[in-house]
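**Q** dropping the sequence and predicted coords here.
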Amino acid sequence: MQDNSTTNAVPPLLERIARAWGSWATAGDVNPQYNVASAPLLPPGTYPLFLLGLVWCLLHPRRPAAWLIPALVIAAVLPVALSDEIPHGLRSAGAFAVLPLAIGAGVAQLLSWLHLAGELALRLRAGTASPPRGLHIHRRWLAYGALVLTGSLALYGAAATRSVYDGDWLRPDRTWRVHGVTLQRDEWFFLSSLRDFAAWVNRQDTPVYVPITAADNPVIRAYLGERFPAVSGLPDRLALPPGSVAAPFDLTTSGWASDSLQYVLLAGSRVTILPPLTADSRTALARQIDSGDVLGGPPSTAAGFAATLPQTNLLAFQVQRPVALPGAAIDGVLELDAWSVPETAGHVVHLSPGRQQAFTLYWRKRPGAHVAYEYRAWAQIWTQDAHSVTAGADTAILPWLYPPTAWRDADVVPQTFSMPVPADLPQGAYQLVTGLTVLFEGAAPVVAADGHVLDTGLRAAWLKVPQATVPDLRDAAQSFEAQFGPDIVLRA
């Protein structure tokens, strides 16, 4: 992770290659989540042998290994060098297979030079041009020396590594700077701020409203599970008691995620999933939390933020809209019941190019169906001829709070997506398309109400990028009167 005070510009390629190389030899992974005290990948004392291995490759160009090892070194550097992130161990994992090969070649080159040096010394001592018989004894001693060298490096590396780990873990003042915040060891590794937030929620004797992203956090859910074991989808009748509204500390913003659209109600022993808020209601609720109290937590961070909610009139929910293809079920088990947007809009939802657009999909478990998978849902904006114009989103459906395998018959569970609308998206009609995927299984089929398989994408709604100016066609219009049923009249 990167300090917010540093620049986000992508460094030049050569600089990124140097940083990747440095993570092997000197710096290591600077992220404390993956590395203790930024220890390099190469054990202490082996870096000269690694370089000597590359020298061996240059001196033996006719051997296949002399070409294989440099090629593997380059391949191991590329995942880190081509990334715009800091060099970290997840992308350097391939080096663990390459570094021992280069070190082994370096040991071979060292033994070869020692052999030549010993042979030369014996020749000079004997005053002959041919190697004497004692050379065979010298080779044996070289083998013994190689074993002693390898064992010494191993013992030295183990002792040095142990010293690094002990010196890192046993220091009470050990801190890291992450996202511009100075964190102590336990705060970073064990997410103690989330634990303290959950402890605060458990101590409350009145209802508490929290963002659904917090309730679905695995750490928070683990601490809240004993007090609030039951979870339910959208209630048929929405009764919102007064209480408190709270959100955990968000390290990336040094505050809390104020863009939360969905909340859950924790009351009694149950977690009740609520519909998504309108954009205005989200803003009003965020102001309420911002004006509340900072919950006590670890020295470096707060546990969270909370405010009283004496009246629930701040909670205005989005209007659910009918789907374009009702009755269809994905994989035969989950139906798309409705969809909605945060903004108050007319019959047709207008897209704003260059801005983020949030959508909420309402999933319903088909009565009697057996849900065997914890599905991931995706949503994209398509053209009329089924070409995707957004990267979309692909997320699991509440995997820690209420996965689909736990849903009851006719349960409705909302899921909110946010995606960027391309700035150059031309005016016209577009589709909001969704679907489900199963890990290692691929996309789930969409089954129509009559039982036949349609595709792997389900059209939820039609959307529109409006014209910049509405053309005036009054001069070209022809007036007439036509009645279509009781509600529709065509006049021009």
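**A** Arrived safely.

**Q** contacting residues for the residue nearest to residue 378 when sequence neighbours are not counted?
**A** Spatial nearest neighbour of residue 378, excluding adjacent residues (Cβ to Cβ, 6 or more residues apart in numbering): residue 394 at 4.3 Å. Just so you know, the C-beta spots here come from the backbone N, C-alpha and C atoms, and that holds for glycine as well. By Cβ atoms under 8 Å, 6 or more residues apart in numbering, the residues touching residue 394 are 376-378, 437.

**Q** most neighbours, which of the residues you listed?
**A** Neighbours here mean other Cβ atoms under 10 Å. Within the contacts of residue 394, the largest count is held by residue 377, at 22 neighbours.

**Q** what's the helix or strand for that one?
**A** Using DSSP states H and E, residue 377 maps to strand 376-382.

**Q** ditto for residue 143
**A** Taking DSSP H and E as the definition, residue 143 sits inside helix 135-169.

**Q** how about the next helix or strand after that helix: buried residues?
**A** Going down the chain from helix 135-169, the next helix or strand is strand 175-178, by DSSP H and E. Buried positions in strand 175-178, judged by neighbour count with 16 or more other Cβ atoms under 10 Å: 175-176, 178.

**Q** ditto for stretch 108-128
**A** In stretch 108-128, counting by 16+ other Cβ under 10 Å, buried: 108-111, 114, 118, 122.

**Q** could you verify that residue 271 is part of a helix?
**A** No - counting by DSSP: H, G, I helix; E, B strand; the rest coil, residue 271 is not part of a helix but strand.

**Q** I'd say it and residue 232 touch.
**A** Yes - taking Cβ atoms under 8 Å as the definition, residue 271 is a contact partner of residue 232 at 7.5 Å.

**Q** these two: which has the busier surroundings?
**A** Between residue 271 and residue 232, counted using other Cβ under 10 Å, the more crowded position is residue 271 (24 against 16).

**Q** for the more buried one, list each beta-bridge partner.
**A** Beta-bridge pairing for residue 271 (DSSP bridges): residue 231, residue 266.

**Q** in this structure residue 197 contacts residue 301, no?
**A** No - using Cβ under 8 Å, residue 197 is not in contact with residue 301; the gap is 10.3 Å.

**Q** helix or strand with the lowest mean pLDDT in this structure?
**A** When each helix and strand of the chain is scored by mean pLDDT, DSSP states H and E, helix 185-189 comes last, with a mean of 70.

**Q** now what about the strand holding residue 377, what contacts it?
**A** With contacts defined as Cβ under 8 Å, 6+ apart, strand 376-382 is touched by 351, 359, 361, 363, 388-397, 415, 417, 419, 421, 430-439, 457, 459-460, 463.

**Q** average pLDDT for it?
**A** Averaging pLDDT along strand 376-382 gives 91.

**Q** please point out which parts of the helix or strand following that strand sit buried.
**A** Following strand 376-382 in sequence order, the next helix or strand is strand 393-396 (DSSP H and E). Of the residues in strand 393-396, 393, 396 count as buried by neighbour count, 16+ other Cβ under 10 Å.

**Q** in a markdown table, list the contacts of residue 394 along with distance to residue 468.
**A** Formatted as a markdown table, the contacts of residue 394 follow (distance: Cβ to Cβ, whole Å):
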| residue | distance to residue 468 |
| --- | --- |
| 376 | 37 |
| 377 | 34 |
| 378 | 31 |
| 437 | 37 |
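
**Q** how about the residues you listed, which pair is most distant?
**A** Within the contacts of residue 394, two members stand farthest from each other by Cβ to Cβ: 377 and 437, at 8.0 Å.

**Q** against residue 364, how distant is residue 40?
**A** Here the criterion is Cβ to Cβ, to the nearest Å. By it, residue 40 lies 53 Å from residue 364.

**Q** can you put the buried residues of strand 175-178 in CSV and add pLDDT and distance to residue 187?
**A** CSV is the format used below for the buried residues of strand 175-178 (pLDDT from 0 to 100; distance: Cβ to Cβ, whole Å):
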residue, pLDDT, distance to residue 187
175, 75, 9
176, 72, 9
178, 73, 9
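
**Q** distance to residue 474 for these - can I get that in TSV?
**A** Converted to TSV, the buried residues of strand 175-178 look like this (distance: Cβ to Cβ, whole Å):
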residue	distance to residue 474
175	71
176	68
178	62
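
**Q** can you give me the strands in the stretch 201-350 of the chain?
**A** With DSSP state E, counting those that start in this stretch as the criterion, the stretch 201-350 of the chain has strands at 208-211, 230-232, 243-248, 263-267, 270-273, 293-295, 304-309, 329-330, 334-340, 349-350.

**Q** of these, which is nearest residue 18?
**A** Nearest of those to residue 18, taken as Cβ to Cβ: strand 243-248 at 38.6 Å.

**Q** show me what the closest one pairs with in its sheet, parallel or antiparallel.
**A** Using DSSP bridges, the strands paired with strand 243-248 are strand 208-211 (parallel), strand 304-309 (antiparallel).

**Q** got the angle for that strand vs strand 263-267?
**A** Strand 243-248 and strand 263-267 are oriented at 120 degrees to each other (axes from the mean of the first three to the mean of the last three Cα atoms, to 10 degrees).

**Q** can you show me the helices along the stretch 1-150 of the chain?
**A** Along the stretch 1-150 of the chain, the segments classed as helices by DSSP state H, counting those that start in this stretch run 13-25, 47-59, 64-81, 95-126, 135-169.

**Q** residue 450: which of those is closest?
**A** Across the helices of the stretch 1-150 of the chain, closest to residue 450 is helix 64-81 (Cβ to Cβ), at 48.7 Å.

**Q** alright, I will stop here.
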